[in-house]
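This is a predicted model, with the sequence first.
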Amino acid sequence: MLIGTKGIAFCYFVNGLSYIAVIAGLLMMRLPPYSRPAKATSSWSGFREVLAYLKNDRKMRTLMLLTAISASSAFPTSR
């Protein structure tokens, strides 16, 4: 109804104004400064840790296996 009476441009303008509250809220947030944690381990040790976790958790192991099967069978076959 508003589009019919005021037009599309007015509706876009009102929609743009509605984002001002969100942007103001984000600007008012006071977050601690980000500090990147020191990388103590290699990628391979992380991968081994995941494998050890999957060895002990049957449900997660099943989900990962099903995901791997579906991902490997879904490769594009076009040439």
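Structure received.

only C-alpha atoms for contact and neighbour calcs from this point on.
Fine.

pLDDT weak spots in this structure?
Scanning the chain for pLDDT under 70 picks out 75-79.

Now do the buried residues in the longest helix along the chain.
Assignment by DSSP state H gives helix 8-28 as the longest helix of the chain. Buried residues in helix 8-28, counted by 16 or more other C-alpha atoms under 10 Å: none are found.

Who are the packing partners of the helix or strand just after it?
For helix 8-28, the following helix or strand on the C-terminal side (DSSP states H and E) is helix 43-56. Taking 3 or more C-alpha pairs under 8 Å, 6 or more residues apart in numbering; DSSP states H and E as contact, the helices and strands that helix 43-56 lies on are helix 58-73.

hmm, 6 Å instead?
Counting contacts by 3 or more C-alpha pairs under 6 Å, 6 or more residues apart in numbering; DSSP states H and E, helix 43-56 is packed against no other helix or strand.

which residues are in contact with that helix?
R61 (C-alpha atoms under 6 Å, 6 or more residues apart in numbering).

what angle separates that helix from helix 58-73?
Between helix 43-56 and helix 58-73, the angle comes out at 120 degrees (axes from the mean of the first three to the mean of the last three C-alpha atoms, to 10 degrees).

Y53: how many residues sit nearby?
13 (other C-alpha atoms under 10 Å).

From S43, how far off is it?
Noted for Y53: a distance of 15 Å to S43, by C-alpha to C-alpha, to the nearest Å.

Ok, R30 next?
In terms of C-alpha to C-alpha, R30 sits 33 Å off from S43.

any idea how far the longest helix of the chain is from the chain center?
Computed by C-alpha atoms, centre = their mean, to the nearest Å, the chain-centroid distance of helix 8-28 equals 24 Å.

higher neighbour count, R30 and S43?
Higher neighbour count among R30 and S43: S43, with 10 against 7, using other C-alpha under 10 Å.

CA atoms only for stretch 24-43 - export them in PDB, please.
Provided in PDB are the C-alpha atoms of stretch 24-43 (Å, rounded to 0.1, in the frame of the first residue of the first chain):
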ATOM      1  CA  ALA A  24      24.700   3.200  15.600                       C
ATOM      2  CA  GLY A  25      24.400   0.100  17.800                       C
ATOM      3  CA  LEU A  26      27.500  -1.400  16.200                       C
ATOM      4  CA  LEU A  27      29.400   1.800  16.600                       C
ATOM      5  CA  MET A  28      28.600   2.100  20.300                       C
ATOM      6  CA  MET A  29      30.000  -1.400  21.000                       C
ATOM      7  CA  ARG A  30      33.200  -1.300  22.900                       C
ATOM      8  CA  LEU A  31      35.200  -4.500  22.300                       C
ATOM      9  CA  PRO A  32      38.600  -5.500  23.700                       C
ATOM     10  CA  PRO A  33      41.400  -5.200  21.100                       C
ATOM     11  CA  TYR A  34      41.900  -8.400  19.100                       C
ATOM     12  CA  SER A  35      45.100 -10.200  19.700                       C
ATOM     13  CA  ARG A  36      45.900 -13.300  17.600                       C
ATOM     14  CA  PRO A  37      46.800 -16.300  19.800                       C
ATOM     15  CA  ALA A  38      50.300 -17.700  19.300                       C
ATOM     16  CA  LYS A  39      50.400 -20.700  17.000                       C
ATOM     17  CA  ALA A  40      52.000 -23.400  19.000                       C
ATOM     18  CA  THR A  41      51.300 -26.500  16.900                       C
ATOM     19  CA  SER A  42      51.500 -27.400  13.300                       C
ATOM     20  CA  SER A  43      48.600 -28.200  11.000                       C
END
